[in-house]
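# sequence-free structure coming up:
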């Protein structure tokens, strides 16, 4: 049997694991410094929890787990006879695999509401599964990385989430621009246009602008009956990038006006806080999900290539679907897979990330090999990541091993070295060799 | 809908996550200091990879994922008509969920053999899924934690793995005993007894001794035809805890003799290496898996309660099932879930593990709240994990929040504090308050 893995899944080799871990650790450390704490939910959820939460298409893309044992015994016989896969499903599968982190989070909050202190700031970095057609950069099993705060309407959290993006991408070495808008402003614009009843359609069209351009938006909206003067007015409004100017277009107390005041408040919090990246107000930012009700955020590289590296926003109701109403919140997510691809292609990982062991102990004969275990032990005790070659093979072969493992140094123990207690310490890069005591070698490696 | 999760699965709240992470970090750091590097394999594997690897019972316990779309359209029609769940399976499911870390590792080595430098030292810490009946301490979704080195027959790795156990459990504060044996010794004993053709049966029976006692073993073996003199001889042999004494029972060059020499070699490597725990030779240690062919290791608490906290051993053939022969190796695993339960019940987690934010900034009015974001920002910039209460609520309510979050300190900003630039710094434990500049507070917190 030729070994293989399912399409859309990946193995991560040691280099990929340390690189991915580097990204997650940067994010994790910022989250925790900002008071967000990690939860983990199971991969398996009841299908009742997942179904109907992601639209009809999402339901199709859920991975369903077959009930164990003789599943046909309890199957819906009529659905079986009719070869009706969709109906049969309910009787042969009761669990599915996590599709995103939001629904499990909502389920978690509703289920543990009595143990939680609100506002509840949590983050989650876990894989999710979607039966999308795999393609370059799109997988069926991939990681999501979300931070949310629920149980508060304070806009101080929007400012905080902006600063988290700023901090994380600065530490990763990725120059970004953060765009801010508010769904209330978009709704206000739809009111000005007299199209508030078609607001969802309008927002969805605007959301696609980056991809299909303004002409594409015009085409989309014209075909659904928006007339030319309306489209002109729309373009004029979403091109106003000055917040006070746009605010003046709205009647005081209207949705658009409130939205502008909210963005002002966020900017006010951010005053006096040093930021590494540019934060811009952009009334043309829509974000697809109808789920958002307040401030929305999106991150892209400075050049705008690659699309979004993350995004988020405020929502009015996280847990209503699980019977707990009145829980509003705001959150962001990081496009972890895209960040990984970008950092790989742009060579943004620090070189220290890839280094495995610092030194490998090589032995020229069997006695030396026995001794090498003690030498390695002393190195490890001094907190130096180290290894020994397990056989007294030809030196060339052992050096090749050290080279393959990208060890910067080796220690060579020969019969004379063993007697003298002085070892050959060799730099793999320069080939330079010195005879040193183990204590001296340890001091040198500690400094390296 | 009442929110719930499938039986046998768990949510981990922030306290559980940091505690589990603490254990995994201790293990991870030791692994990497000892030159083991992490790989990750996907949760989803092809069923062809998993099926037939865990025995008939294991196949039953595999979680199978239903093919997406109209799965009945391509289903085996005859199996459908016969309501034959087992046969139908192959045509409606082609993927399953990881059942352990060994088979995916074997698949990984075979699949990536040309990219791997041997000896290959890898570790893996990932969840696995088994449809076992859930009970206290047994889950359907749980973590495994394995380290292996493959592509070498050197016994230096057995010594290394023993030292890893010693180091990890010492750091976790769990007093342990490590028992060593060799499957070749057990085979040698079966040869002495003239029962080498029934060796697997013998090994399985001895493996159960800890659970069922010697009388249980006698009962088991008698019923399958082992006679009384043989059982007496068996008892005498497995009670010889002195390695040279047992070695003298075997003919030179026999399996039992080689096994004893191997154990001697491991002990020789361990000489001159300081160990925190006791390592004992125990010819009554069997370990169930037929898979092991050389040295075997098992870890238990000093008191012996709770059973095994980890175990492992040498195997002759990891990847034969995937068409790559001649890959031998040795490995260990940590019973991560059991270690977590033990550390929880015995209160072994350092108190610092549970602490979330170090300080929370409280505001007495709206102006103070705006200012609090800058204060929090400066704390975070100084690498102090901190948070702010998001509203100028009643102080009592804000203090309650800080208390719930177990923050050791709060900073209170009132209107006068705002003007003076001096803040009330309060210890939550003692209730003691001092008026300090932010710089002084930061210095104090840095020392704490």
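On my side now, so go ahead. Just so we're clear, the structure is a prediction, and the values are computed from it rather than from any experiment. Numbers count the residues shown, from 1 in each chain, chains lettered A, B, ... in the order given.
# Can you find the helix or strand of chain A with the lowest average pLDDT?
Ranked by mean pLDDT, DSSP states H and E, the weakest helix or strand in chain A is helix A:351-354, scoring a mean of 88.
# rounded to a whole number, what's the mean pLDDT of the following helix or strand past it?
Later in the chain than helix A:351-354, the nearest helix or strand by DSSP states H and E is strand A:359-363. For strand A:359-363, mean pLDDT is 98.
# Which residues does strand A:359-363 contact?
Residues outside strand A:359-363 that contact it (Cβ atoms under 8 Å, 6 or more residues apart in numbering or on different chains) are A:369, A:371-372, A:375-376, A:379, A:384, A:386-389, A:391-392, A:395, A:398-399, A:401-402, A:405, A:407-413, A:441, A:445, B:35. Quick note: C-beta positions are derived from backbone N, CA and C, even for glycine.
# if we can go back for a sec, could you say what helices and strands the least confident helix or strand of chain A packs with?
Helix A:351-354 sits against helix A:14-33, with contacts defined as 3 or more Cβ pairs under 8 Å, 6 or more residues apart in numbering or on different chains; DSSP states H and E.
# Which neighbouring elements make contact with the helix it packs on?
strand A:37-38, strand A:120-129, strand A:141-150, helix A:156-172, helix A:336-345, helix A:351-354, strand B:37-38.
# neighbours around the residue lying closest to residue A:376 once chain neighbours are set aside, how many?
Among residues not flanking residue A:376 along the chain, residue A:388 sits closest, at 4.5 Å (Cβ to Cβ, 6 or more residues apart in numbering or on different chains). Per other Cβ atoms under 10 Å in any protein chain shown, the neighbour tally for residue A:388 reads 28.
# I'd guessed residue A:388 sits against residue A:377; true?
No - Residue A:388 lies out of contact with residue A:377 (Cβ atoms under 8 Å); the separation is 9.4 Å.
# The closest residue to residue A:170 other than its chain neighbours in helix, strand or coil?
Closest residue in space to residue A:170, ignoring its immediate chain neighbours: residue A:276 at 4.0 Å, by Cβ to Cβ, 6+ apart. Following DSSP: H, G, I helix; E, B strand; the rest coil, residue A:276 is assigned to coil.
# Give me the distance between residue A:276 and residue A:342.
In this view, residue A:276 and residue A:342 are 17 Å apart by Cβ to Cβ, to the nearest Å.
# just residue A:243 next, same as before
Residue A:243 is 30 Å from residue A:342, by Cβ to Cβ.
# Okay, the residue of the stretch 51-200 of chain A found nearest chain B and residue B:199: tell me how far apart.
Residue nearest to chain B within the stretch 51-200 of chain A: residue A:154 (3.4 Å; Cβ to the nearest Cβ). Look at residue A:154 and residue B:199: by Cβ to Cβ, they are 70 Å apart.
# pLDDT value on the residue nearest to residue A:376, please?
98.
# Likewise for residue A:74?
pLDDT, residue A:74: 93.
# pretty sure it is in contact with residue A:80, am I right?
No - assessed by Cβ under 8 Å, residue A:74 is found out of contact with residue A:80, at 11.1 Å.
# neighbour-wise, which of these two wins?
Legend: neighbour count by other Cβ under 10 Å for residue A:74 and residue A:80, higher for residue A:80 (19 against 12).
# ok, that one to residue B:88 distance?
With Cβ to Cβ as the criterion, residue A:80 and residue B:88 are 10 Å apart.
# Quick check: neighbours shared by those two?
Contacts common to residue A:80 and residue B:88, judged by Cβ under 8 Å, 6+ apart, are A:72, B:80.
# Run through the residues that contact residue A:261.
Contacts of residue A:261 by Cβ under 8 Å, 6+ apart are residue A:247.
# what pLDDT does it get?
98.
# quick one on the thing from earlier: residue A:276 and residue A:342: who's more crowded?
In this view residue A:276 and residue A:342 are compared by other Cβ under 10 Å, and residue A:342 has more residues nearby, 17 against 12.
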